[in-house]
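Engineer: I would like to see how this sequence folds:
(chains A, B and C)
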Amino acid sequence: MRAFQTLVLTVLTVAGGTAAQAQEVPRWGLEQVIASSFRASGQAGLDRLQQTPMQVACSVAHPDRLPTEAQQRIEREALQGVQFPQDGRWLGNWQAGEKIAQSGTGLQYSDPPDAPRGGNCYGCHRLSGTEIAFGTIGPSLVRYRQRYASDSDAMRRTWIRLWNVHAFNACSVMPRFGDAGILTAEQIRDVMALLFDPASPVNR
Amino acid sequence: MADPMKIRAVMQSGRVEVKILMSHQEETGLRKGADGELVPAHFISNVSVSHAGREVLRVQWGRAISKNPFLQFAFRGAARGDELTVTWIDNLGDTRTDRITIA
Amino acid sequence: MKPGTSRLALTPSRCEGLIASEGGSCSPLPLAGEGPGVRAMAVGVRNRRGLALLALALLPVSAHAADPTSVYRQMLAEDNPAELAVAHGQQLWEQPRGPRQAALTACDLGQGPGVVKGAFAALPRYFADTASVMDAESRLVHCMVTIQGFDRQQLAAAPFSEAGAPQTDLEALVAYVAAQSRGAKIRVPQSTSEEHDSYARGRDLFYRRAGPYDFSCANCHGADHLRIRLQELPNLTRPEGARSAFAHWPAYRVSQGAVRTMQWRLSDCVRQQRWPQLIFGSQASIDLSTYLGVLAAGGTMDAPSVRR
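Structural biologist: Down below sits the predicted model:
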């Protein structure tokens, strides 16, 4: 009987998404266990475990099955928070962008807090046609410029994706490089150049 | 004496198949430690395997060998129950000898 | 090297320290009666990656339809340096040690005092004497403290060895205990309410998005055929992925030159998730193992294994 009860609760929790989080059964003791299982180290404080509303909503097995209204709310709020470049300059330097894409350090408790952060784009994406050590968690970005050549809004939309991908894709696994302060606006311009500059290895 | 080796010596179709796993840090001398200083070279330089008083394998190694080296070879002229002696010596003079009975 | 591999032909000038035989190969003694399929001698130089790659290149293509990573792992498994840690761990288990000069042979890993065989395959589990769900590592620490008199803080402060340093006692003990479950079916129990709660917390933690990157375990381990750079990621939400992961930890990490445990693997993932540090032996770390172990039910333990 107990196993069945647990099974039912498991199914409800996984399917219920946001609702289940709010109704967490106290006997599991998740929050107490979390409070006693982590320690602050380096630049990683315990505040990092406090979840934002988006994180709470997306902490489910199948975020794509969240109610449409919940997904749209996440996307709307994400879009509202995007900060565009004030001088309207979308592109920076692609060589700097490639370095940012190659660098996987930044924000770990083992990283110096004042060191420049990387974007680790190659961790999940293919970018330059000649870099074979690429990940497959995200789509290939090879020849990005050519793919979106016909889209006059491509730069603005790409900026939004880099700043906060949830504006277009609620619960995406990609980090919010602008919104979470992972990369500076200048660094995001450099990554934009990596994607759009015709001289960039992504587009050659 | 240094940490013991793991040795297997098994008769197979008239030959002795010998597998030796040695415990050794195998420092190349090119690695920097946590303090930023070069960790001194410390690696196995010679290995010798003998049976019934004669040397059946003699090996000279350098700094390129990986940590905890594995050595595998086969030879004829021995029988089940015979004893093999394996000795290594490293560049700092540390040494280890282990014996195994051929299974 | 496996039967069927080509013989490495070396010219006499490269036979330093060995006897050059006719035909240009090096051997300790001339090998009579050699034919195709006879196992070739692996010459002394055992630069792990170089030899493995070279031998891989020499394998007949038709003989191995398996993907290159599994072939590579199979070749490395024979000479797993973790065996050195296992041997050392056995000594640590049997010898009287610590302030109380007692052996760990009275330690109960869930199958009764002193029973090591098969115990790892049924951990984490509930222990009445601590009224909590514990994994192998936390249980070993418990035994080292209560039976041998070691200091808990000291053990928990440095459970994992630094690069280039010898294995810690805990790493060696975990390697030994895991090795005694090789071939056993994974059967992490779900018989008590505490075990159910541990599973539920582990599952919730697995899907929990947190930190500046919004990373949960599921971000990387929740779908098929994902990889970070060139490192393939098991889909832990599938039985095959969960079994593959649970069966093969602890593992000898070639890139680290050391046996690494499940607690280490979890804490290193958490670090890269940009979360604060996962405390060694904490309930959350145990709960994640419970979740993974239950998903891995029916798999076969094969640890310590070899990993990159």
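Engineer: Return the distance of the host helix or strand of residue C:199 from the chain's centre.
Structural biologist: Taking DSSP states H and E as the criterion, the element that holds residue C:199 is helix C:193-206. On the basis of C-alpha atoms, centre = their mean, to the nearest Å, helix C:193-206 sits 23 Å off its chain's mean C-alpha point.
Engineer: repeat for stretch A:190-202
Structural biologist: Taking C-alpha atoms, centre = their mean, the mean C-alpha location of stretch A:190-202 is offset from the chain mean by 20 Å.
Engineer: hang on, the earlier thing: residues making contact with the helix or strand just after the helix holding residue C:199?
Structural biologist: Toward the C-terminus, helix C:193-206 is succeeded by helix C:217-221 as the next helix or strand (DSSP H and E). The contact list for helix C:217-221 (C-beta atoms under 8 Å, 6 or more residues apart in numbering or on different chains) reads A:61, A:137, A:173, C:205-207, C:209, C:226, C:228, C:233-237, C:241, C:269, C:273, C:288. C-beta here means a position set from N, CA and C on the backbone, and glycine is covered the same way.
Engineer: what's the following helix or strand after helix C:217-221?
Structural biologist: Following helix C:217-221 in sequence, per DSSP H and E, is strand C:226-228.
Engineer: Quick check: buried residues in the following helix or strand past that next one?
Structural biologist: Beyond strand C:226-228 in the direction of the C-terminus, DSSP H and E gives the next helix or strand as strand C:231-233. Of the residues in strand C:231-233, residue C:233 count as buried by neighbour count, 16 or more other C-beta atoms under 10 Å in any protein chain shown.
Engineer: Now do strand C:231-233: everything it contacts.
Structural biologist: By C-beta under 8 Å, 6+ apart, strand C:231-233 touches C:69, C:220, C:221, C:226, C:227, C:308.
Engineer: in its sheet, what does it sit against?
Structural biologist: Paired strands of strand C:231-233, with direction, are strand C:226-228 (antiparallel) (DSSP bridges).
Engineer: And chain B, is stretch C:256-265 touching that?
Structural biologist: Yes. Residues of stretch C:256-265 contacting chain B under C-beta under 8 Å from any C-beta of the partner chain: residue C:257.
Engineer: follow-up on the earlier one: list of residues touching the helix holding residue C:199?
Structural biologist: By C-beta under 8 Å, 6+ apart, helix C:193-206 touches A:2-3, A:6, A:9-10, A:13, A:27-30, A:33-34, A:59, C:124-126, C:131-133, C:189-190, C:216-218, C:221, C:236, C:283-284, C:286-292, C:294.
Engineer: if we can go back for a sec, which one of the contacts of strand C:231-233 has the most neighbours?
Structural biologist: Neighbour tally across the contacts of strand C:231-233 (other C-beta atoms under 10 Å in any protein chain shown): the maximum, 24 neighbours, falls on residue C:220.
Engineer: Give me the distance between that one and residue A:108.
Structural biologist: Distance from residue C:220 to residue A:108, counting by C-beta to C-beta, to the nearest Å: 15 Å.
Engineer: what are the ranges of the helices in chain A?
Structural biologist: Under the criterion DSSP state H, helices of chain A are mapped to A:2-16, A:18-22, A:30-37, A:53-58, A:68-80, A:94-102, A:121-124, A:144-147, A:154-164, A:185-196.
Engineer: Quickly find the element holding residue B:71.
Structural biologist: Here residue B:71 is assigned to strand B:70-76, by DSSP H and E.
Engineer: that older thread, quick one, which of the contacts of helix C:193-206 are buried?
Structural biologist: Here, 16+ other C-beta under 10 Å leaves A:6, A:9-10, A:13, A:28-30, A:33-34, A:59, C:124-126, C:133, C:189-190, C:216-218, C:221, C:236, C:283-284, C:286-292, C:294 buried among these.
Engineer: In space, not sequence, find me the middle residue of chain C.
Structural biologist: residue C:251 (1.9 Å; C-alpha atoms, centre = their mean).
Engineer: who's in contact with that one?
Structural biologist: Residue C:251 touches C:82, C:259, C:260, C:303, C:304, C:305, C:306, C:307, counting by C-beta under 8 Å, 6+ apart.
Engineer: can you do 7 Å?
Structural biologist: Residue C:251 makes contacts with C:260, C:303, C:304, C:305, C:306, C:307, as judged by C-beta atoms under 7 Å, 6 or more residues apart in numbering or on different chains.
Engineer: I'd like the distance between the closest residue to the last one other than its chain neighbours and chain A.
Structural biologist: Looking back up the chat, that one is residue C:307. In space, and not counting its chain neighbours, residue C:307 is closest to residue C:251: 4.3 Å by C-beta to C-beta, 6 or more residues apart in numbering or on different chains. Distance from residue C:251 to chain A, counting by C-beta to the nearest C-beta, to the nearest Å: 21 Å.
Engineer: how close does residue C:251 get to residue C:175?
Structural biologist: 9 Å.
Engineer: list residues touching both of these two?
Structural biologist: Counting by C-beta under 7 Å, 6+ apart, the residues touching both residue C:251 and residue C:175 are residue C:304.
Engineer: OK, contacts around residue 96?
Structural biologist: In the absence of a named chain, this looks at chain A. residue A:190.
Engineer: my bad, the chain I had in mind was chain C
Structural biologist: So residue C:96 contacts C:102, C:103 (C-beta under 7 Å, 6+ apart).
Engineer: Pull up the gap between it and chain B, please.
Structural biologist: For residue C:96 relative to chain B (C-beta to the nearest C-beta), the value is 20 Å.
Engineer: now chain B, which segments are flagged as low pLDDT?
Structural biologist: B:1 (pLDDT under 70).
Engineer: Would you map the strands across it?
Structural biologist: Along chain B, counting by DSSP state E, strands occupy B:6-12, B:15-21, B:44-51, B:54-60, B:70-76, B:83-90, B:95-101.
Engineer: Rebuild the ones you listed as TSV, extending it with mean neighbour count and distance to chain A.
Structural biologist: Formatted as TSV, the strands of chain B follow (neighbours: other C-beta atoms under 10 Å in any protein chain shown; distance: least, C-beta to the nearest C-beta, whole Å):
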stretch	mean neighbour count	distance to chain A
strand B:6-12	16	34
strand B:15-21	21	31
strand B:44-51	19	33
strand B:54-60	17	35
strand B:70-76	21	28
strand B:83-90	19	33
strand B:95-101	14	36
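Engineer: Kindly reformat those as TSV containing distance to residue A:123.
Structural biologist: Converted to TSV, the strands of chain B look like this (distance: least, C-beta to C-beta, whole Å):
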stretch	distance to residue A:123
strand B:6-12	38
strand B:15-21	35
strand B:44-51	38
strand B:54-60	42
strand B:70-76	33
strand B:83-90	40
strand B:95-101	43
